[in-house]
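A.B. asks: got a predicted structure here, sequence first:
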Protein chains: 2
Amino acid sequence: MSRRLEINEVSPRDGLQMERNFVPTESKIAFINALSACGFARIEVTSYTSPKAIPTLADAEAVMAGIERAAGVKYTALVPNLRGMERAVGGRPDEINLVMSASETHNRANLRMTRAQSLATLQEVIRAAEGAGLPCNVSLSASFGCPFDGEVDANEVISLASSLADSGAAGITVCDTTGMAYPTQVASLCERLQQAVPGLPLTIHLHNTRGMGLANALAAFDTGIERFDGASGGLGGCPYAPGASGNVSTEELVHMFAAMGHDTGVELDSLIAVVHSMSDLVGRPVFSQLAEAGPRLRRFAPPAWLVEKFPQ
Amino acid sequence: MSRRLEINEVSPRDGLQMERNFVPTESKIAFINALSACGFARIEVTSYTSPKAIPTLADAEAVMAGIERAAGVKYTALVPNLRGMERAVGGRPDEINLVMSASETHNRANLRMTRAQSLATLQEVIRAAEGAGLPCNVSLSASFGCPFDGEVDANEVISLASSLADSGAAGITVCDTTGMAYPTQVASLCERLQQAVPGLPLTIHLHNTRGMGLANALAAFDTGIERFDGASGGLGGCPYAPGASGNVSTEELVHMFAAMGHDTGVELDSLIAVVHSMSDLVGRPVFSQLAEAGPRLRRFAPPAWLVEKFPQ
C-alpha cells in the first residue's frame, strides 16, 4: 500500500523569483545544498530568463556552477526560449523545465506571446534540448483556472499536453498557478491526462491560495499521481501578503504523505530545519504552519499542576 | 451526486473563547445575527462554563437572550456539567453540546477530571437534558492524537462514542483538537464509527494546524460524513500565532464543497463579508486566505499593456 513519491522542490526558482530582495548568490547556493541533503527527487535550481525580466535570478550561471550535487537528486532549471536553452547547456542541468499557460490570456500576460507562439517556441527548444541530450518537462500554468478568463477547458489542457508529448516533452506538470483548483476537478483532469498521454510522467503543482493545497494533492494522489511540486516555506506567492497565495509548502506535503505511510524520500526534520532558516534567507518572515507546530507526534510535557493533581 | 451538508459554525463559542480581548455582548450578538443570515445548519452560540474559568464568555445568558433566531438554524450552547445545564435551560438552546477528551491526559488537563469522571458527569447531564427535552451532542476532543500522550487508540474513541450513544447522546463530534489528524486516519475512524453507532449523527471538527484541515474534511466526506464544524476566520487557535493553530475556517470548507457541487446551505459571499468584519470584532488582525483571495472564479481585468499588445 505504501507508495514511493517524487518531490520536486521549487523554492530556489519559483520561490526566490518572487521575492522582493535579491538573495546573494552564496546564500542561494547554501540553501540549495541544504535542500540537497533532505533527499528530494528534484530541485529546481534557477531560471535562465533575461536578468532584466527577473533580476532576482540574474545569477543563474553562478548558482548552477556553485552548488554541490548530491547523488540521487536531479537538478533542473527553467528555460523560457532558445537563448535560455543555450545558456542552460553550460550549466549542465539534469533536466530542463519549460513553461506556457493553458489559458490564452494568462499566457499573453505572463509570456507576452499567444499560446500558439509559445507552443512553437517550446517545440523548437525541445528539439534543441534533444540535440544536447537534455530531457524537457513542460509546466502548463493556469491549468485549473485563469484569473482573467475564469474556467479553463480541460480539453484544452489535454490537447496541449498531447501536442507537447508528441513533440518530445519528457513530462508534463499541470499547474494550479493561482490556487483555483478544487479536488474533484484535480481528480478528473489527472485521470484524463493519464489516459491521454499514457506512460508520460505527470507532476502536479499546487498553490494554497484558498486553503485547498493538500486536499488537491490528496485528490491527485488518489488517481495515481506520484510527482508533486512543493516550495519549502510555501514561498512563491506575493511577498506582501504572507501566507496568502504561495505554493503548497513542501514540508506540509511531505508531512501528510509520510503520516499516511508513503515514502517521499525527504527527511522531514532536516527540511523543517531548512524552513526555519528561510526568514534569514529572504529577509522577511516566512511563516510555515507545519514548521511552527512541528510534526504531528511532537509531544509536550503535561503542566506541573496536572502531575500534582493526578499523581500515579 | 450533489450532497446536502450541515455546517456548524463554532466561532462565537470555540473562537471567541480563546481570544485575548473580551468581545462586548452587543458585538457578539451582532456577529451571531450576521452569521444567522448566512444559512448555517447550526451556530454554537456560547458556553455555560464558569465565568471565572472562561471570562470571555461570561455573558452567556445575555447573548442567548439577545440574538435573533433565524428559521432553519439550530442554536447550540456548550455545557460542562449539571450546573451549566441548569443555566442553559433558561436560554432555550435548540441543542446542547457536551465535551470530554478521548485522551486521558488531555481530559485531565482540559477538564481537571479523569475520563471516567467525565463520562459519569456527561451521563448525568444527558439525563437532566432529557428531562428538559434538550438533545445533547458530545464532542470528543483529541480523537486523533494528544499533545501529551501522542497517538490515541481509535478503539478507545469508538468505545467512548458507543457508551455515550447508549447513554442517550443525540450525536457525536470527533475532534482533531490540536491538528494531528491525517486523511487516512480520518477516513478509517469515520468508517468505523459509522459502523459502531449506525444511525447516530456524526460531526467532524478539524483544525488546520499542520495544513491538513481541508484534506481531512475531504477524507471524512468521502466516507459519508455530512456534518462539519468550522470557525469563520479560522478562529480558535492561539491568538499570538495567527494562522498557526486555529479551527479549519468555515469559509474555506464552504468554498471547497460548493466548488465540488455540494449544497452547504451557506451563502459564501455573505460569509466572506462577515469574515471581513472579524478583525474589528476581536481587536486583532484575523487572516483568512479565502477571504483575502476571494472565491476561485473571482476575475481580474487584464493589464492595459496587454490589451494594447494584443488588440482584437
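C.D. replies: Right, received. Where do you want to start?
A.B. asks: make it CA atoms for all contacts and neighbour counts henceforth
C.D. replies: Noted.
A.B. asks: what's the burial count for residue A:283?
C.D. replies: Residue A:283: 13 surrounding residues under other CA atoms under 10 Å in any protein chain shown.
A.B. asks: same check on the one 5 residues further on?
C.D. replies: Around residue A:288 there are 27 other residues, counting by other CA under 10 Å.
A.B. asks: which pLDDT value belongs to it?
C.D. replies: Residue A:288 is assigned 90 on the pLDDT scale.
A.B. asks: just the CA trace of the lengthiest helix in chain A, in CSV.
C.D. replies: If you go by DSSP state H, chain A has its longest helix at helix A:115-131. Backbone C-alpha positions of helix A:115-131 (Å, rounded to 0.1, in the frame of the first residue of the first chain) are rendered in CSV as follows:
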residue,chain,number,x,y,z
ARG,A,115,-0.4,30.2,-26.8
ALA,A,116,0.3,29.3,-30.5
GLN,A,117,3.6,31.2,-30.4
SER,A,118,4.5,29.6,-27.1
LEU,A,119,3.8,26.2,-28.4
ALA,A,120,6.0,26.8,-31.4
THR,A,121,8.8,28.2,-29.2
LEU,A,122,8.7,25.2,-26.9
GLN,A,123,8.8,22.8,-29.7
GLU,A,124,11.9,24.5,-31.0
VAL,A,125,13.5,24.4,-27.6
ILE,A,126,12.7,20.7,-27.1
ARG,A,127,14.4,19.9,-30.4
ALA,A,128,17.5,21.9,-29.4
ALA,A,129,17.5,20.1,-26.0
GLU,A,130,17.3,16.8,-27.7
GLY,A,131,20.5,17.7,-29.5
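A.B. asks: now do it: everything it contacts.
C.D. replies: Residues outside helix A:115-131 that contact it (CA atoms under 8 Å, 6 or more residues apart in numbering or on different chains): A:81-82, A:85, A:98, A:100-104, A:107-108, A:111, A:135-136, A:164, A:167-169.
A.B. asks: of those, which belong to helices?
C.D. replies: Short answer: the contacts of helix A:115-131 in helices (DSSP H) are A:82, A:85, A:104, A:107, A:108, A:111, A:164.
A.B. asks: mind listing what the nearest residue to the fourth one once chain neighbours are set aside touches?
C.D. replies: Of all residues beyond its chain neighbours, the one nearest residue A:107 is residue A:101 (4.7 Å), with distances taken as CA to CA, 6 or more residues apart in numbering or on different chains. Under the criterion of CA under 8 Å, 6+ apart, the contact list for residue A:101 reads A:107, A:115, A:139, A:140, A:141, A:142, A:143.
A.B. asks: give me the neighbour count for the fifth one.
C.D. replies: Spelled out, that is residue A:141. Neighbours around residue A:141, by other CA under 10 Å: 24.
A.B. asks: measure stretch A:237-251 end to end?
C.D. replies: Across stretch A:237-251, the terminal residues are separated by 16 Å (CA to CA, to the nearest Å).
A.B. asks: repeat for stretch A:195-204
C.D. replies: The first and last residues of stretch A:195-204 sit 16 Å apart, counting by CA to CA.
A.B. asks: which residues are contacting it?
C.D. replies: Applying CA under 8 Å, 6+ apart, the contact partners of stretch A:195-204 are A:158, A:161-162, A:165, A:170-175, A:194, A:217, A:220, A:225-229.
A.B. asks: of the contacts of residue A:101, which is the nearest to chain B?
C.D. replies: Nearest to chain B among these: residue A:107, at 10.6 Å, using CA to the nearest CA.
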